[in-house]
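Participant: This is the structure alone, sequence omitted:
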């Protein structure tokens, strides 16, 4: 039995796989229950599940959860869309033309390693304290990775596929738009999905300063008043929203690109 | 064979620049392919035979020499030269029928209906009628190469270039594919230049075999194949076939030994 479950790089029966996944989550949840209900740690450090549920009901009733979620989703979407709007064309150029790779890669590689949080003071200086400042932080956190990943998606198109297209009489622009782009689409879609996930992780950083509403802001404020239940609620909501966007993308991919099983083409 | 010359290569030479050092990939290739001829080039791996084919396709520029298709010098890739590669080159996002039709994109004077009919006809010819709506990922390697052949034939290139198209297939499938290719070729006569390292394959398919030397590649010898057509696999055990095979094997063996030293 154990031998079968721990087969090196082999598939295991699906029901065992699911059972193991559920067990992992259950162990986590039960440990949480034991530690908190058992009084092993003070609720200030880790509140009980009941306290989280209560905090959630309260946040739903007073409308703050909805307002925070709405504000955060709006910021994420706009910030990520701006990033994508730049990453797609620049990434396509970098992946297809060595000229643009030479032009863009050095500055992108340089900025890529700078922590987004360090840009908070600058972003306020440049754009004030409104939503624009949040977009800037989300952009900085997302764009510089996204553009390189798009370039990489494009580079994965095999040379033979490009060559065979030339033998049908296509010119290089036709090869770019009618062959390279459709071939790379599932990979690009995957990049969009992953980078939107990263945008979620930069939410707290974006709402760190000068926010009046938002999930990240609610976490920061709860920290000030030691409302641990609210902190955990905020984290859970962000996690769930991230998961929903992730699965929406996976679903869209499977509908849009039925030919590419598993999201990525061979 | 006395049809018009389709491909003329004279002293074609290719020198690559590898990190500043010249590397002679093709030393000197002189050959002709006439209309409706089936010509193969056989050589050890790395001898430059694929490089030569890519030069005919216009995908790699020649360093010096003369290379003409239909009397016009090759300056780049074009629809007059079709190519089938060893690697699978179907467009994964297009269904089989649309893959074949893709090659007709640049064909002028054909209605959508006519393109559809042509694509269906060539799919039937390679034995894939009924698979029009499948995606390439749903097909076996052999089936994918059959679609690639149908696609390359459908737009009627002046010469069809094949770069070890069956190299990735298992021996049994390869044998069936060779017979299928001959059948298609006999039904729709066209000019084919086929590159392989498989001696049986080279002789079985060809009117003439060019044997190449080890790198840097030169034409070592031109070997005529006086076997009757149509051919099936039984011909590979006849004395005539074996006589040709012995000659080609001796030539290749010399080169393999040289390449090993």
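Facilitator: Great, that's in hand. Note that the coordinates shown come from a computational prediction; the quantities given were computed from them, not determined experimentally.
Participant: how far out from the middle of the chain is the strand or helix carrying residue A:88?
Facilitator: Per DSSP states H and E, residue A:88 falls inside helix A:64-96. Helix A:64-96 sits 10 Å away from the centroid of its parent chain (C-alpha atoms, centre = their mean, to the nearest Å).
Participant: Can you give me the buried ones in whichever helix or strand comes after that helix?
Facilitator: Heading C-terminal from helix A:64-96, the first helix or strand you meet, by DSSP H and E, is helix A:98-112. For helix A:98-112, burial by neighbour count (16 or more other C-beta atoms under 10 Å in any protein chain shown) applies to A:100-101, A:104, A:108. Using the backbone N, CA and C atoms, a C-beta is placed for each residue, glycine as well.
Participant: And stretch A:221-239, by the same measure?
Facilitator: Here stretch A:221-239 shows A:221-222, A:227-234, A:237-238 as buried, counting by 16+ other C-beta under 10 Å.
Participant: Also stretch A:156-175?
Facilitator: A:157, A:160-170, A:175.
Participant: So residue B:53 is in contact with residue B:196, correct?
Facilitator: No: counting by C-beta atoms under 8 Å, residue B:53 does not reach residue B:196; the two are 10.6 Å apart.
Participant: And the buried residues of stretch A:221-239, which is closest to residue B:250?
Facilitator: residue A:238 (73.6 Å; C-beta to C-beta).
Participant: so what secondary structure elements neighbour whatever helix or strand that closest one lives in?
Facilitator: Using DSSP H and E, residue A:238 sits within helix A:228-256. Here helix A:228-256 touches helix A:49-61, helix A:64-96, helix A:181-201, helix A:215-224, going by 3 or more C-beta pairs under 8 Å, 6 or more residues apart in numbering or on different chains; DSSP states H and E.
Participant: which residues in chain B form strands?
Facilitator: B:5-18, B:21-34, B:38-42, B:64-69, B:72-73, B:81-84, B:159-163, B:192-196, B:208-212, B:217-224 (DSSP state E).
Participant: so which of these gets nearest chain A?
Facilitator: strand B:81-84 (4.6 Å; C-beta to the nearest C-beta).
Participant: contacting residues around that closest one?
Facilitator: Contacting residues not belonging to strand B:81-84 are listed as A:163-164, A:167, B:53, B:56-58, B:69, B:74, B:103, B:145, B:148-149, B:152-153, B:155, B:157-163, B:165 [C-beta atoms under 8 Å, 6 or more residues apart in numbering or on different chains].
Participant: so can I have a markdown table of the buried residues of stretch A:156-175 showing secondary structure, pLDDT and distance to chain B?
Facilitator: As requested, those are exported to a markdown table (DSSP: H, G, I helix; E, B strand; the rest coil; pLDDT from 0 to 100; distance: C-beta to the nearest C-beta, whole Å):
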| residue | secondary structure | pLDDT | distance to chain B |
| --- | --- | --- | --- |
| A:157 | coil | 94 | 11 |
| A:160 | helix | 92 | 5 |
| A:161 | helix | 95 | 5 |
| A:162 | helix | 95 | 9 |
| A:163 | helix | 94 | 5 |
| A:164 | helix | 94 | 4 |
| A:165 | helix | 94 | 8 |
| A:166 | helix | 93 | 4 |
| A:167 | helix | 92 | 5 |
| A:168 | coil | 92 | 5 |
| A:169 | coil | 89 | 3 |
| A:170 | coil | 93 | 7 |
| A:175 | helix | 96 | 10 |
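Participant: From those, pick the one nearest residue A:23.
Facilitator: residue A:157 (41.7 Å).
Participant: Measure how buried the residue in the stretch 151-261 of chain B positioned nearest to chain A is and give me the count.
Facilitator: Residue nearest to chain A within the stretch 151-261 of chain B (C-beta to the nearest C-beta): residue B:155, separated by 6.7 Å. Using other C-beta atoms under 10 Å in any protein chain shown, residue B:155 has 25 other residues around it.
Participant: Distance-wise, check it relative to residue B:5.
Facilitator: 22 Å (C-beta to C-beta, to the nearest Å).
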